[in-house]
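>>> Return a 3D structure for these sequence lines:
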Amino acid sequence: MRLSELKNAGRSPSLPLNIPLADAAGPAELQLLSLLRVLPGQRYVGAGVWRGRPVLAKLLVGGKAARHFQRELDGVRLLAAQGLTTPLLLADGLKDGEGGWLLFDLLEGAESLGDAWKQVEHLAVLADEQSAVLAEALGAIGHLHSKGLWQEDLHLDNLLRHGGQLYLIDGAGICAETAGKPLSQDKVLENLGVFFAQLPKSLEPFTEELLVYYLLSNGEHALPMEALQKQIDKVRRWRLKDFLIKVGRECTLFSVQRGAFGLRAIRREEEAAMLPVLEQADALLDQGHLYKTGGAASVGKVDVAGRTLLVKRYNIKGFAHWLKRFWRPSRAWHSWREGNRLAFLGIATPKPLALLEKRFLWLRSRAYLVTEYLPGPDIIERFAPYVESGEAPQAELQALDHLFAELIRERISHGDFKGHNLFWQQDRWALIDLDSMCQHGSISSFAPAYARDRARFMRNWPESSALYQVIDQRLPKDISSAA
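Next up, the predicted model:
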């Protein structure tokens, strides 16, 4: 296959691919054996063989190939010129009408710090194993900054462990202020904001402690915490906004098809499993265990290939109801977006897997949402033995405190905070039924919505009960008392 033909190869071209390229030694063929990352029609990154040597190939095609090739090449040269550890560039080239290529020494068996973090993220906050990964990353970032460089797309997957060394990769994101001279304080704060914004929110109280690992590699500037926190918050807002756009767009994370006769969105890694579920959603509901049927929604637990799922169908009750619904986003879409919002923010909710809106010439009708199934009890059932005594387990009361603190921090109102919409799952309270959920842009909008949520939540138990009194004393009565 010619390099230029890759731009029409889609997301999953058949492998292996033999692609003729050339370097100073003359023409040779790259055998591409696997793909690690694909941006269809633009970028294909994978492992292969070149002149009998294992390589990591970055193949750039399409109208932006020349620009992307030059950015990658400039970044790689900046790293090498400053003596920073990065994979050796073996060959590169750019050909009009074809595209560009960069072939790197393949670090076989390398582990990204992103993968290392996944192995320890379940541990207690800032456990020694977590500190070790973050210390390694911050040390490398500090060294990078001390050379006047920064990585625009700064995250743990752009740092690779191999042979006892840490390698910086992805030259396209490498930028220089003044190469060889330490980065300015403003650029340091801006870049560290990108890094810390991608860490779990639970680590935020330890940002100052973690900064010590950075300062050991680059102590050029004092780093005011207030300024750094502003950068972190700014990046977090941007990342959430960008992510919420992606939940409705074809991209690496989501498979999305939309048109005059339907909208279908599926988490990319679940595509093969979810397609048959969406095709048979009505039959699966008929055969499954129904929690709710008829009216505006039908909800059921279904078993598919040994896996338990929850399917929710949003019904159209009649012509009058259709007139109210056809012109606006379905409640399935709203729940899909808000479920992904909660997951992104680290607030417990069943993982949204797939969405289907049926349409006729863009006019919406029935819609379906598929999520993971939560087997745990809801809070009504869980707290039933303690209504009179008020002696609910401290772990569960603390988890409730934590959930409310998260919702207040993110200015999120649920809209229907009855006890049956809160499930105990893996030592956390998980929210379900997100049809009316809203993240508010201001305190003035959020405050009354929070008051309604809290009042509805407290109505789950008799006001005279001991449990009511315990929970009422713990939960913030308004936003100002949540500090």
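
>>> Which residues does stretch 335-352 contact?
Contacts to stretch 335-352, defined as Cβ atoms under 8 Å, 6 or more residues apart in numbering, come from residues 200-202, 239-240, 243-244, 247-248, 265, 267, 310, 312, 355, 369-374, 403, 406-407, 410, 412, 425-426, 428-435, 437, 439. C-betas here are computed from N, CA, C, even on glycine.

>>> which of these count as buried?
240, 243, 247-248, 265, 267, 310, 312, 355, 369-372, 374, 403, 406-407, 410, 412, 425, 428-435, 437, 439 (16 or more other Cβ atoms under 10 Å).

>>> Could you list which of the residues you listed belong to strands?
265, 267, 310, 312, 355, 369-372, 412, 425, 428-431, 439 (DSSP state E).

>>> and residue 99, how far is that from residue 10?
16 Å (Cβ to Cβ, to the nearest Å).

>>> Compare neighbour counts for the two and give me the winner.
Counted by other Cβ atoms under 10 Å, residue 99 and residue 10 do not tie: residue 99 has more neighbours, with 28 against 10.

>>> What pLDDT does the model give the closest residue to residue 13 other than its chain neighbours?
Nearest non-adjacent residue to residue 13, counting by Cβ to Cβ, 6 or more residues apart in numbering: residue 6, 7.0 Å away. With respect to pLDDT, residue 6 has a value of 89.

>>> Which one of the ones in strands among the buried ones among the contacts of stretch 335-352 is nearest to residue 296?
residue 312 (10.6 Å; Cβ to Cβ).

>>> Correct me if wrong: the closest one contacts residue 302.
No: the pair residue 312 / residue 302 is not scored as a contact, 10.7 Å apart, by Cβ atoms under 8 Å.

>>> What is the burial count for residue 441?
Residue 441, neighbours per other Cβ under 10 Å, totals 9.

>>> can you check the one 4 residues further on too?
Taking other Cβ under 10 Å as the neighbour definition, residue 445 ends up with a count of 14.

>>> How about it, nearest residue that isn't a chain neighbour?
For residue 445, the spatially nearest residue (Cβ to Cβ, 6+ apart) is residue 411, at 7.9 Å.

>>> so that neighbour makes contact with residue 447?
No: taking Cβ under 8 Å as the definition, residue 411 is not a contact partner of residue 447, at 9.3 Å.

>>> any idea how far residue 375 is from residue 298?
Distance, residue 375 to residue 298, using Cβ to Cβ: 20 Å.

>>> of the two, who's got more company?
Between residue 375 and residue 298, residue 298 has the larger neighbour count (other Cβ under 10 Å), namely 22 against 10.

>>> residues touching residue 302, list them.
Neighbours of residue 302 in contact, by Cβ under 8 Å, 6+ apart: 277, 284-285, 287-289, 308-311.

>>> ditto for residue 98
By Cβ under 8 Å, 6+ apart, residue 98 lies in contact with 2-4, 61.

>>> List only those of those flagged as buried.
By 16+ other Cβ under 10 Å, these give 3, 61 as buried.

>>> would you say the residue nearest to residue 13 is within a helix?
Yes: assessed with DSSP: H, G, I helix; E, B strand; the rest coil, residue 6 lies in a helix.

>>> so it touches residue 100, yeah?
No: the criterion here is Cβ under 8 Å, and residue 6 misses it with residue 100 at 11.3 Å.
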